[in-house]
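# next come a sequence and a model predicted from it.
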Amino acid sequence: MVIPDFLTLDFLTPEVLRPEVQAFANGFPVTLLHAGVTLVMLVVGAFIYSILTPYKEIGQIREGNSAAAVAYGGVIFGLAIPLAASLAASTSLREVVIWGGATILLQLFVFRLVDFLLTGLPARINEGEVSAAVLLVAAKLSAALVLAAAVSI
């Protein structure tokens, strides 16, 4: 039995594909890998932060503490911004891991420094004060933007 030409998959061979489609076919798996590794690093960084913080935000969020939810959301954004910058600046998976890991360590240090400098805010967040959480998030996001700019140089 002869298969009609319009039913064959010969049009999918690399020799027939347009260069744009070939570039996508080659680059898309790499993009997924880099993005996946970065997302895993984001989850790991957020988990490490939740271990290091004296106030257990996850438990407080489960109990309905809106201030803790705002503060922890700021942590996630604060980690994601420099991670995104390191992902954009990296050309290999090794660079993604190195720069991503470095930004997580630096950002966790900055988070602790901000908590120290803005003494009393974490305790106020623990008590449910949303205004304290917003100020703390603003400070952490500002530090994240500066770190992201430094990584992208």
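Arrived safely.

# spatially central residue in this structure, please.
residue 80 (2.9 Å; C-alpha atoms, centre = their mean).

# phi and psi next, for that residue.
When read as degrees, to the nearest 10, the backbone of residue 80 gives phi -70, psi -40.

# next, count neighbours for the nearest residue to it once chain neighbours are set aside.
With sequence-adjacent residues excluded and distances taken as C-beta to C-beta, 6 or more residues apart in numbering, residue 80 is closest to residue 42, at 5.7 Å. Just so you know, the C-beta spots here come from the backbone N, C-alpha and C atoms, and that holds for glycine as well. The local packing of residue 42 (other C-beta atoms under 10 Å) involves 17 other residues.

# and for residue 73?
14.

# got it, and residue 82?
28.

# wait, doesn't it sit right on residue 147?
Yes: between residue 82 and residue 147 there is a contact under C-beta atoms under 8 Å: 4.4 Å.

# quickly list what's touching both of these two.
Common neighbours of residue 82 and residue 147 (criterion: C-beta atoms under 8 Å, 6 or more residues apart in numbering): 103, 106-107.

# make JSON lines out of the residues you listed and add secondary structure, pLDDT and distance to residue 27.
Listed next are the shared contacts of residue 82 and residue 147 as JSON lines, based on DSSP: H, G, I helix; E, B strand; the rest coil; pLDDT from 0 to 100; distance: C-beta to C-beta, whole Å:
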{"residue": "103", "secondary structure": "helix", "pLDDT": "92", "distance to residue 27": "24"}
{"residue": "106", "secondary structure": "helix", "pLDDT": "91", "distance to residue 27": "29"}
{"residue": "107", "secondary structure": "helix", "pLDDT": "90", "distance to residue 27": "28"}
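
# I'd like these laid out as CSV, including neighbour count.
Output for the shared contacts of residue 82 and residue 147, formatted as CSV (neighbours: other C-beta atoms under 10 Å):
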residue, neighbour count
103, 25
106, 16
107, 24
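
# thank you, goodbye.
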